[in-house]
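Q: pasting the sequence and the predicted coordinates here, then a few questions.
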Amino acid sequence: MNNSKAADLVSGSMVMGAREQDTATARGFYVMECFDADGKLKWTAQSKNLVVNVGLKDMCDKYFMGAAYTAAWFIGVYGAGASNNPAATDTMAAHAGWTEEVPYSNATRVAATFVAATAANPSVITNSAAPAVFNINAVGVVGGAFLTSNNVKGGTTGILFSASDLQAPGDRNVANGDVLNVTYRFELTAT
């Protein structure tokens with residue numbers, strides 16, 4: 001008697017084709033307008049921001065983890081530098097690429113009063129309805145701006161969200177009696 005064994009071999013493979021993916025892009029801009037004591041526009045500047053690592057972490061923690069939330073944000077300015085250079089690793093305690101300047105009479109860093117975000121793509125949040133107003137009381141140079149959760153001028157605590165150098169021609173002069181208006185615009189885009 002001959003015994004025979006039969007075996008079936010079944011194999012399969014799946015080839016994944018390209019499919020649509022959702023991505024989100026975040027970007028922000030600072031717009032500065034400097035007016036002289038007579039209310040005449042001296043200069044204007046717009047610059048893209050860098051959202052630093054602790055800012056990204058703060059967004060994720062607060063939105064997805066429900067971590068302690070603060071809606072209090074403040075704008076500060078930093079001064080001239082041969083190479084003002086915000087880095088992704090900057091924090092309020094350590095930011096070697098720039099130094100905060102306080103040539104203004106406001107008692108604290110100026111509040112960023114945001115309006116509700118738009119329900120669109122991109123979704124935008126801004127303080128353009130109420131720009132941060134710095135009352136300049138000294139001759140100085142402004143090289144950039146930053147957004148933080150701490151209102152203390154020169155303070156080194158709180159969350160640094162973003163920082164931005166002024167684009168070409170770079171640093172700008174301010175003088176006693178000037179008013180510096182700073183608007184921040186942040187947008188999330190789904191593509």
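A: Everything's here; your move. Note that this is a predicted model, so its numbers are computed, not measured.
Q: in this protein, which spans are strands?
A: Assigned strands in the chain, in chain order: 24-35, 41-48, 50-51, 74-78, 100-101, 110-111, 123-126, 132-135, 140-142, 144-148, 160-165, 172-174, 179-190 (criterion: DSSP state E).
Q: can I get the ones you listed in JSON lines with distance to residue 91 and mean pLDDT?
A: Quick note: C-beta positions are derived from backbone N, CA and C, even for glycine. Conversion of those to JSON lines gives the following (distance: least, Cβ to Cβ, whole Å; pLDDT from 0 to 100):
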{"stretch": "strand 24-35", "distance to residue 91": "18", "mean pLDDT": "92"}
{"stretch": "strand 41-48", "distance to residue 91": "20", "mean pLDDT": "95"}
{"stretch": "strand 50-51", "distance to residue 91": "13", "mean pLDDT": "92"}
{"stretch": "strand 74-78", "distance to residue 91": "14", "mean pLDDT": "97"}
{"stretch": "strand 100-101", "distance to residue 91": "13", "mean pLDDT": "93"}
{"stretch": "strand 110-111", "distance to residue 91": "21", "mean pLDDT": "98"}
{"stretch": "strand 123-126", "distance to residue 91": "23", "mean pLDDT": "96"}
{"stretch": "strand 132-135", "distance to residue 91": "21", "mean pLDDT": "98"}
{"stretch": "strand 140-142", "distance to residue 91": "22", "mean pLDDT": "94"}
{"stretch": "strand 144-148", "distance to residue 91": "10", "mean pLDDT": "96"}
{"stretch": "strand 160-165", "distance to residue 91": "5", "mean pLDDT": "95"}
{"stretch": "strand 172-174", "distance to residue 91": "26", "mean pLDDT": "95"}
{"stretch": "strand 179-190", "distance to residue 91": "19", "mean pLDDT": "95"}
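Q: most packed of those strands?
A: Burial among those, expressed as mean neighbours by mean count of other Cβ atoms under 10 Å, is greatest for strand 144-148, which shows a mean of 27.
Q: so what strands line up beside that strand?
A: Looking at strand 144-148 with DSSP bridges, its partner strands are strand 74-78 (antiparallel), strand 160-165 (antiparallel).
Q: wait, which of those strands is closest to residue 140?
A: Evaluated over the strands paired with strand 144-148, closeness to residue 140 peaks at strand 74-78, with 8.7 Å, by Cβ to Cβ.
Q: the closest one to strand 24-35, inter-axis angle?
A: The directions of strand 74-78 and strand 24-35 differ by 70 degrees, with axes from the mean of the first three to the mean of the last three Cα atoms, to 10 degrees as the criterion.
Q: can you list contacts of strand 74-78?
A: The set of residues that contact strand 74-78 without belonging to it, under Cβ atoms under 8 Å, 6 or more residues apart in numbering, is 84, 98-102, 104, 108-112, 132, 134, 142-151, 153, 163, 180, 182, 184.
Q: likewise for stretch 167-179?
A: 32, 34-37, 39, 42-43, 45-48, 79-81, 84, 103, 133-143, 166, 180.
Q: now do 7 Å
A: By Cβ atoms under 7 Å, 6 or more residues apart in numbering, the residues outside stretch 167-179 that reach it are 34-37, 42-43, 45-47, 80, 103, 133, 135-143, 166, 180.
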